[in-house]
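Chemist: Got a predicted structure plus its sequence, pasted below:
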Amino acid sequence: MALLFKSDADRAELWVPAIRARLPEMEVRVWPDLGDPDEIEYTLIWKPPAGLLAGFKNLKAIFSLGAGIDHLASDPKLPPQVPVVRMVERGLTSGMTEYVVMQTLFHHRRMLDYRDQQACETWKILPFVPAWKRRVGIMGLGVLGSDAAEKLATLRLDVAGWSRSPKALDGIDCYHGSEGLEDFLARTEILVCLVPLTDETRGILNADTFAKLPAGACIINAGRGGHLVEEDLLAALESGHIDSASLDVFHDEPLPAGHPFWQHPRVVVTPHVASITVPETAIESLAANVERMEAGLPLENVVDFKRGY
Ligand code: NAP
Ligand code: GLV
């Protein structure tokens, strides 16, 4: 039984010992050292080259190293009969909640304005909005969005969420579907994007969406670069309708040198680090699913390609 590991950062030295310790019978191969491709039954993978997975004829399951599976769905030769499992693990969830709470409070407490004031040695107290009067809206109430929404609500922020299907979460004002989007946007001053990238959500952060937000709203994009129409955000920042943005994901990654976001005074850029799968906690999700597969049981967190996530 062999598993192929591939990440886009130097993660093998963390992952390989964790897999060997928890699944001692598994032979771990690290991309690009495939060995005999017919022996590969599992992959734990991030951004494989298109067509790679189709070459493993005995593949039983494809485990995504991340929560998002757009890096796999974009492969036209993805073997349709092999289940794809997205990453669900508490390290990834708590990392994302930290990022969302940090960026939300950053905009709520006007840290960009205070940073500008510091640069010109200005001591000036700006208007203060109490947490319960600050309306935050989370697009995507899945594993990550619902945890972030609940933690923000414990800080007394006025939190709403938007999902594809109806949801009921304690203390969160829940909207759903295209019919719920306009009302959700109209009440949202800080908009957090945490939906998966699908045909329905691509470009969802666009001029039309921004126009439905109240003037002075802030955008936090921790989903995917494909959610954002970059020119529309630049225009909305220029007009002042959107006050500021925190962006972790981009159409092109790494964000190209000279891109207007790099130096934009109202944009906070991070290099796709909102959250990262933690081997120490994620190994249990992987191992439990390998054991389920070997025991002939259904896998958990399998992607439904009909809905796209
Ligand atoms: P998830 O559990 O599958 O949740 C997805 C949520 O989005 C669900 O609430 C779903 O609605 C909603 N949704 C999907 N399509 C929708 C649509 N067309 N309209 C309205 N709502 C829609 O996913 P997750 O684990 O929370 O992860 C979310 C995304 O975060 C990932 O796909 C990935 O792109 C991104 N991410 C980014 C980072 C980073 O470092 N920047 C790290 C991890 C993940 P239902 O509840 O009705 O299904
Ligand atoms: C990271 O972007 C992930 O999808 O986990």
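Modeler: Perfect, I can see it now. Ligands and ions are numbered 1, 2, ... in the order given.
Chemist: drop to CA atoms for contacts and neighbour counts, all remaining ones
Modeler: Noted.
Chemist: how close does residue 160 get to residue 36?
Modeler: As judged by Cα to Cα, to the nearest Å, residue 160 and residue 36 stand 50 Å apart.
Chemist: and these two? which has more neighbours close in?
Modeler: Remark: of residue 160 and residue 36, residue 160 carries more neighbours, 25 against 9, as counted by other Cα atoms under 10 Å.
Chemist: which residue packs closest to the more buried one, ignoring adjacent ones?
Modeler: Excluding the flanking residues, the one nearest residue 160 by Cα to Cα, 6 or more residues apart in numbering is residue 173, at 4.3 Å.
Chemist: And residue 8, by the same measure?
Modeler: Here the residue nearest residue 8, using Cα to Cα, 6+ apart, is residue 46, at 6.6 Å.
Chemist: pLDDT score for the one you found?
Modeler: At residue 46, the model reports a pLDDT of 97.
Chemist: Ok, residue 269 next?
Modeler: Residue 269 is given a pLDDT of 98.
Chemist: count of residues packed around it?
Modeler: 17.
Chemist: Across the sheet, point out what pairs with it.
Modeler: Following DSSP bridges, residue 269 is listed with bridge partners residue 247.
Chemist: if I pick it, what's in contact with it?
Modeler: For residue 269, the contact set (Cα atoms under 8 Å, 6 or more residues apart in numbering) comprises 246-248, 261-262.
Chemist: From residue 77, how far off is the residue nearest to residue 160?
Modeler: Taking Cα to Cα, one finds residue 173 at 41 Å from residue 77.
Chemist: cool, and residue 7?
Modeler: 20 Å.
Chemist: With residue 3 instead?
Modeler: 20 Å.
Chemist: Need the per-residue pLDDT for residue 8.
Modeler: Value for residue 8, per-residue pLDDT: 85.
Chemist: How many residues are close by it?
Modeler: Residue 8 has 10 neighbours, counted by other Cα under 10 Å.
Chemist: in the stretch 1-150 of the chain, which spans are strands?
Modeler: 2-6, 27-30, 40-45, 61-64, 84-85, 135-139 (DSSP state E, counting those that start in this stretch).
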